[in-house]
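Chemist: Give me coordinates for this.
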Amino acid sequence: MKKVFVFVAAVAVLACAASCGNNAKKAAEAAQAQADSIAAAARADSIAAAEAAAAADTAAVDSTVAAE
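Modeler: Residues are numbered from 1 along each chain as shown. Okay, here's the model as predicted:
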């Protein structure tokens, strides 16, 4: 009876360890997805800022040429 209990306990521990490992992998994937999302948003903001700066430069040049 003692051997059966030890066997069942060992199987339970292995099952718990296996499920915890899977959750850790899912958590890591979720964290990576979140980091990718933040990076994509930062990239889009950077592109928008560069385009706005380029438009401002173009407007400044146009107004200078018109004043001449």
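
Chemist: Could you say which helix or strand holds the most centrally placed residue in the chain?
Modeler: Nearest to the geometric centre of the chain sits Ala35, at 2.0 Å (Cα atoms, centre = their mean). Per DSSP states H and E: Ala35 is located in helix 2-67.

Chemist: what's the model's confidence in that helix, averaged?
Modeler: The pLDDT scores in helix 2-67 average 83.

Chemist: on that earlier part again, any idea how far the residue nearest to the centre of the chain lies from Ala28?
Modeler: Remark: distance between Ala35 and Ala28 (Cβ to Cβ, to the nearest Å) = 11 Å. Bear in mind the C-beta positions are built from the backbone N, C-alpha and C, glycine included.

Chemist: roughly how far apart are Ala42 and Ala48?
Modeler: 11 Å.

Chemist: got it, and Ala39?
Modeler: As judged by Cβ to Cβ, Ala39 and Ala48 stand 15 Å apart.

Chemist: swap in Ala18?
Modeler: In terms of Cβ to Cβ, Ala18 sits 46 Å off from Ala48.

Chemist: do the same with Thr58
Modeler: Here Thr58 is placed at a distance of 16 Å from Ala48 (Cβ to Cβ).

Chemist: next one: Ala12
Modeler: Counting by Cβ to Cβ, the separation of Ala12 from Ala48 is 54 Å.

Chemist: again, but for Ala17
Modeler: Separation of Ala17 from Ala48 (Cβ to Cβ) stands at 47 Å.
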